[in-house]
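Asker: My questions concern the predicted model and sequence given below.
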Amino acid sequence: MAFAGGIVTNSNQSAKWVRMLSRDASTDIDAVYYNPAGVVALGNGFHFSLSNQIISQEYILENDLTGLRLGKYVGDVDVPLYPNVYASYNKEKWAVSFGFGPIGGGGSAEYADGLPQFDMLLMSNFGANPATAPLIGNYDVDMAFEGSSVFLGTQLGIAYKLNDVISASLGARLVLANNEYTGHIQDITSGGVAVPFPAIEVDATQSAVGFTPIIGLNFTPMEQLNIGLRWEGNTSLEFTNDTEVDGSGMFQDNAKTNRDIPMTLSVGIGYKISEVFRAQLGYHSYFDGNADWDGREDNIDHNLNEFSLGLEYDINDMFTVSAGYLKTYTGVSEAYQQEMSFSLSSSNFAFGGQINLNEQLSFDIGYMMINYDDMEVASTGYTTTYGKDGWMFALGVNYSVF
């Protein structure tokens with residue numbers, strides 16, 4: 001799962017982002033991720049940031065197959081811990097930076113009533129036997145499924161100010177990726193009578209390691225205008241299954257699957273409208289069709305693209321308020337969508353602010369609402385409607401030693 005950004009990539013990488021949704025031209029400490037060449041603008045000294053996001057989402061699957069036990073299956077996602085850590089040491093024209101955070105995933109989705117495909121598996125088995133065919137649509141079952149995913153990224157970078165207009169950066173990120181799946185189908189009854197059927201259980205883990213090259217450029221052609229560019233190369237991730245139990249046949253032990261983090265291009269424009277009012281525009285493109293997803297990339301119609309606008313206004317020297325909008329256009333076809341992995345377009349709204357206690361210490365607070373566009377996918381005999389909704393809340397602290 002990905003919470004904000006591409007199909008695999010998380011772009012919600014700071015509390016500052018959560019409060020305004022456009023940070024690609026940042027010259028603050030979160031530029032370590034969003035605009036790594038812009039880190040040189042922090043000035044001499046040590047700069048540090050720590051933030052955490054609380055995330056809640058629902059994954060909603062509606063299926064109109066006749067005889068299905070339920071019409072709607074809901075996966076609940078609750079993430080109380082989603083940390084981002086940034087640090088930079090700046091001296092004259094140089095900056096060395098460090099970043100850490102969940103570059104992908106970061107939580108788990110729990111389907112308390114299972115998934116439609118599991119009920120269809122039962123129905124298929126019931127229908128294959130005349131003695132159990134009447135049970136279709138008329139049974140109770142203890143069914144549950146939980147899938148979790150977290151891709152932890154540790155990033156190092158170096159930036160250099162070439163002149164008063166241009167700075168450049170090089171960096172790399174180590175990605176440790178882990179997926180876990182657990183679930184069961186058991187205790188099937190009809191009219192209070194137990195139905196003979198073997199229990200199905202899943203307990204599997206997938207892990208992979210990858211590296212991401214990162215290049216950044218920052219341009220400041222005039223005092224009011226700043227432009228940031230960031231390119232991240234494709235991160236090859238080959239997952240290996242470590243399976244304890246696989247009653248589903250989906251997670252063969254030691255089997256390998258590919259789920260790359262695709263190449264990304266980000267462009268940001270920051271403009272100082274006045275001494276107290278600033279705006280940022282952002283554009284991101286995720287090259288999903290060039291990633292290795294074991295053939296699923298063939299079901300990508302075009303890159304996932306995002307457009308963002310962020311505004312912030314200084315009420316006084318201590319308080320800053322901000323708001324933002326982010327529009328995401330997914331590029332997947334209907335053939336791409338699967339119950340355990342689907343992508344939707346969305347509209348995102350955010351607001352929040354910053355408290356500046358002094359030149360060294362500040363705090364960020366932000367809230368974001370995510371409105372996803374449903375997608376209907378027709379299959380033989382039924383239609384599946386894929387949907388999501390969610391929100392994020394973030395707090396952050398920033399400290400500098402000059």
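Answerer: Structure's in. What do you need? None of the values given here were measured: they were computed from a predicted structure.

Asker: Tell me the confidence at residue 29?
Answerer: Looking at residue 29, its pLDDT reads 98.

Asker: That one: what secondary structure?
Answerer: Classification of residue 29 using DSSP: H, G, I helix; E, B strand; the rest coil returns coil.

Asker: Let me see the contact set for it.
Answerer: 39, 42, 47, 48, 49, 86, 88, 398, 400 (Cβ atoms under 8 Å, 6 or more residues apart in numbering). Where C-beta positions appear, they are placed from N, C-alpha and C, glycine not excepted.

Asker: if you set the cut-off to 7 Å instead, what comes out?
Answerer: Contact partners of residue 29, counting by Cβ atoms under 7 Å, 6 or more residues apart in numbering, are 42, 47, 49, 86, 88, 398.

Asker: residues near the closest residue to residue 267 other than its chain neighbours, how many?
Answerer: Distances taken as Cβ to Cβ, 6 or more residues apart in numbering place residue 283 nearest to residue 267, at 4.7 Å, with adjacent residues excluded. Residue 283: 15 surrounding residues under other Cβ atoms under 10 Å.

Asker: Contacts only, for residue 283.
Answerer: 267, 306, 307.

Asker: circling back to that earlier point, closest one to residue 382 out of the contacts of residue 29, please.
Answerer: Distance to residue 382 across the contacts of residue 29 (Cβ to Cβ) is lowest for residue 86, with 47.0 Å.

Asker: Is the closest one within a helix or a strand, and which one?
Answerer: Assessed by DSSP states H and E, residue 86 sits inside strand 83-91.

Asker: helices or strands up against that strand?
Answerer: strand 45-63, strand 94-111 (3 or more Cβ pairs under 7 Å, 6 or more residues apart in numbering; DSSP states H and E).

Asker: ok, what's across the strand from the residue nearest to residue 267?
Answerer: Beta bridges link residue 283 to residue 267, residue 307, judged by DSSP bridges.

Asker: all strands for the stretch 201-350 of the chain, in order.
Answerer: Along the stretch 201-350 of the chain, the stretches classed as strands by DSSP state E, counting those that start in this stretch are 225-232, 238-246, 256-258, 264-272, 277-286, 304-314, 319-329, 346-356.

Asker: Correct me if wrong: residue 388 contacts residue 371.
Answerer: No. Residue 388 lies out of contact with residue 371 (Cβ atoms under 7 Å); the separation is 9.2 Å.

Asker: Distance check, residue 361 against residue 398.
Answerer: 7 Å (Cβ to Cβ, to the nearest Å).

Asker: Looking at the two, which has the bigger crowd around it?
Answerer: residue 398 (23 against 12).

Asker: Could you dump the contacts of residue 29 into CSV and include distance to residue 230 and pLDDT?
Answerer: Listed next are these as CSV, based on distance: Cβ to Cβ, whole Å; pLDDT from 0 to 100:
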residue, distance to residue 230, pLDDT
42, 17, 96
47, 19, 98
49, 18, 98
86, 15, 98
88, 16, 98
398, 20, 98
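
Asker: Now list the buried members of those.
Answerer: 42, 47, 49, 86, 88, 398 (16 or more other Cβ atoms under 10 Å).

Asker: right, and the strands of the stretch 201-350 of the chain - which one's nearest residue 200?
Answerer: When the strands of the stretch 201-350 of the chain are compared (using Cβ to Cβ), the closest one is strand 238-246, at 9.2 Å.

Asker: could you give the angle of the longest helix seen in the chain to strand 94-111?
Answerer: Secondary structure of the chain per DSSP state H: the longest helix is helix 116-127. Taking axes from the mean of the first three to the mean of the last three Cα atoms, to 10 degrees, one finds helix 116-127 and strand 94-111 inclined to each other by 30 degrees.

Asker: any idea of the mean pLDDT for helix 116-127?
Answerer: For helix 116-127, the per-residue pLDDT averages 87.

Asker: Count residues in the vicinity of the residue nearest to residue 292 when sequence neighbours are not counted, would you?
Answerer: Leaving out its chain neighbours, the residue that sits closest to residue 292 by Cβ to Cβ, 6+ apart is residue 258, at 4.3 Å. Neighbourhood size, residue 258 [other Cβ under 10 Å]: 16.

Asker: Please apply the same query to the one 3 residues further on.
Answerer: Residue 261: 28 surrounding residues under other Cβ under 10 Å.

Asker: so what's the closest residue to residue 45 other than its chain neighbours up against?
Answerer: Distances taken as Cβ to Cβ, 6+ apart put residue 402 closest to residue 45, at 4.1 Å, once the chain neighbours are dropped. Listed by Cβ under 7 Å, 6+ apart, the contact set of residue 402 reads 43, 44, 45.

Asker: can you tell me how far the closest residue to the first one other than its chain neighbours sits from residue 26?
Answerer: What that stands for is residue 43. Excluding the flanking residues, the one nearest residue 43 by Cβ to Cβ, 6+ apart is residue 90, at 6.1 Å. According to Cβ to Cβ, residue 90 and residue 26 sit 15 Å apart.

Asker: now do residue 318
Answerer: Taken as Cβ to Cβ, the span from residue 318 to residue 26 is 21 Å.

Asker: neighbour count winner among these two?
Answerer: residue 26 (29 against 12).

Asker: coming back round to it: tell me if I'm right that the residue nearest to residue 43 and residue 45 touch.
Answerer: Yes. With contacts counted by Cβ under 7 Å, residue 90 reaches residue 45, the gap being 6.1 Å.

Asker: Among those two, which residue is more densely surrounded?
Answerer: residue 90 (22 against 13).

Asker: Next up, phi/psi of residue 37, please.
Answerer: Per-residue torsions, residue 37: phi -70, psi -20 (degrees, to the nearest 10).

Asker: re the thing from before, so residue 388 and residue 371 - more neighbours on which side?
Answerer: residue 388 (20 against 12).

Asker: ok so, going back, quick check: of the buried ones among the contacts of residue 29, which lies closest to residue 332?
Answerer: residue 86 (31.6 Å).
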